[in-house]
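Novice: What follows is a predicted structure for the sequence shown.
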Amino acid sequence: MIYYRTRSQMDAEDLCQDVFLRAFKHIGRLASPALFRSWLYSIAVNRVRDHHRRQRIKSMFGMVSVDEEGFQESEEMATPPEAAQQLARDKFWDRVRDIMARLPRMEREVFYLRFFDQLSIKEITEAMHKNESTIKTHLYRALGKVKAAAEAAGLGEEIL
Amino acid sequence: MTNRHLNHAELLLAVVDTADLAAEKSAHLGACPVCRSAWEHLQERFQRLGRTARELAPAPTRPFRLPQPAPAPRWRFKPMWAMGLVAAMLLVMVVGRTMWPADTPAPVPTAAMLEADRRLGEAVDALVADALPVSFQHLASLDEEASEVDLQTDEAWIDWVVPPIEAEDDSLT
């Protein structure tokens, strides 16, 4: 789930390590095992937000190249693809990025959690610390925008 | 049951949660094969997008590793009687020193001692004047040349500019 949000395998693995380490350290604070998945995702979402904020600061000093959505152009993205499969993969992620860039942060996050990470509405409310109707409103808006963006880009059934 | 098919907005609402549909629309969705097919098709498209993303995300190359636990300090395993003995000896030394003050006169400060005191005072004054770490000093200084900050390695500087989100991590508990 972190890779979807960072688009860099190296950053995703570093952040993943950090998320699991934090979860391991603070597992005693988890009141109910039923909340574990949502709790882990809430840590991950916060860590990714933190990462993007840091990347923006670094980009101000020209240390990294960051596009408007905060995705770092990593080495593996800049490397020319060597296979058709890699080309297709890059094309897919480019399209996903273009579509998701049209969504406000909350709508994008809820959409990711629901369809990419396969969380239920209840789990999303717990991970995002929002009430159910707020989450549903964000998801409803996101669905409309994603569908419209995919159709406007001529992707139709190809990507969505 | 109404005969009107679900429109685009109602289909999206049904993808979010069918329970949010009005009762008559929900009944229509349950009975109308056209609307049910449209709803399932729309839902499948969003789910397929997520499925493709999961398939095309690279597999992790590194396993998660816990940091090696630090070895427990040896003093924790010393018996309580040894610690008590040390405490008692310290107490005797402190009490004995106050009850029998030393009869040696206080040393007269020499010129060298006074000079050492003066240098110490200057060092303390310098520390007070430049209390910030070196990497932060250029931020507070207006008349000095800015020092170089290594953003790749200076995590403390980044944390100072962008405080990490800590409070929200465990608020679910």
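Specialist: It's in.
Novice: Any idea which residue of chain B lies closest to chain A?
Specialist: Nearest residue of chain B to chain A, counting by C-beta to the nearest C-beta: residue B:50, 3.7 Å away. Bear in mind the C-beta positions are built from the backbone N, C-alpha and C, glycine included.
Novice: what's the spacing between that residue and residue A:96?
Specialist: Here the criterion is C-beta to C-beta, to the nearest Å. By it, residue B:50 lies 10 Å from residue A:96.
Novice: same check, this time on residue B:163
Specialist: On the measure of C-beta to C-beta, residue B:163 and residue A:96 end up 30 Å apart.
Novice: sec struct for the residue in chain A sticking out farthest from the centre, please.
Specialist: Taking C-alpha atoms, centre = their mean, the residue of chain A most remote from its mean C-alpha position is residue A:28, at 26.8 Å. Secondary structure of residue A:28, reduced to three states by DSSP: H, G, I helix; E, B strand; the rest coil: helix.
Novice: and chain B, what are its domains?
Specialist: B:8-56, B:130-164 (automatic domain parsing).
Novice: Between these, which has the poorest mean confidence score?
Specialist: With a mean of 65, domain B:130-164 has the lowest mean pLDDT of the domains of chain B.
Novice: Next, the distance between the ends of that domain.
Specialist: The straight-line separation of the ends of domain B:130-164 (C-alpha to C-alpha, to the nearest Å) is 26 Å.
Novice: secondary structure element for residue 39?
Specialist: Answering for chain A, as no chain was given. Residue A:39 belongs to helix A:36-60 when elements are defined using DSSP states H and E.
Novice: let's do chain B instead
Specialist: Once you assign secondary structure using DSSP H and E, residue B:39 falls within helix B:33-56.
Novice: Can you tell me the element the residue of chain B most remote from its centre falls in?
Specialist: Within chain B, residue B:3 marks the point farthest from the mean C-alpha position, 56.4 Å out by C-alpha atoms, centre = their mean. Using DSSP H and E, residue B:3 falls within no helix or strand.
Novice: same question, residue A:134
Specialist: In the assignment (DSSP H and E), residue A:134 maps to helix A:132-152.
Novice: what is the orientation angle of that helix with helix B:33-56?
Specialist: Angle between the axes of helix A:132-152 and helix B:33-56 is 80 degrees (criterion: axes from the mean of the first three to the mean of the last three C-alpha atoms, to 10 degrees).
Novice: so what's the residue of chain A found nearest chain B closest to, chain neighbours aside?
Specialist: Proximity of chain A to chain B (C-beta to the nearest C-beta) peaks at residue A:115, 3.7 Å away. If the residues on either side of it in the chain are set aside, residue A:115 comes closest to residue B:50, at 3.7 Å by C-beta to C-beta, 6 or more residues apart in numbering or on different chains.
Novice: Return the distance of that neighbour relative to residue A:2.
Specialist: With distances taken as C-beta to C-beta, residue B:50 is found 15 Å from residue A:2.
Novice: who has more neighbours, the two?
Specialist: Legend: neighbour count by other C-beta atoms under 10 Å in any protein chain shown for residue B:50 and residue A:2, higher for residue A:2 (23 against 17).
Novice: and the more buried one, what does it touch?
Specialist: Taking C-beta atoms under 8 Å, 6 or more residues apart in numbering or on different chains as the criterion, residue A:2 is in contact with A:11, A:12, A:15, A:16, A:19, A:44, A:47, A:48.
Novice: Flag every buried residue along stretch B:116-132.
Specialist: Buried residues in stretch B:116-132, defined by neighbour count with 16 or more other C-beta atoms under 10 Å in any protein chain shown: none.
Novice: now it, how far from the centre of its chain.
Specialist: Computed by C-alpha atoms, centre = their mean, to the nearest Å, the separation of stretch B:116-132 from the middle of its chain amounts to 33 Å.
Novice: Quick check: which ranges of chain A have low pLDDT?
Specialist: Scanning chain A for pLDDT under 70 picks out A:62-82, A:154-160.
Novice: Quick check: can you list the domain ranges of it?
Specialist: With domains defined by automatic domain parsing, chain A comprises A:1-79, A:80-160.
Novice: chain center to the last one: distance?
Specialist: On the basis of C-alpha atoms, centre = their mean, domain A:80-160 is displaced by 8 Å from the centre of the chain it belongs to.
Novice: One more: the first one?
Specialist: On the basis of C-alpha atoms, centre = their mean, domain A:1-79 is displaced by 9 Å from the centre of the chain it belongs to.
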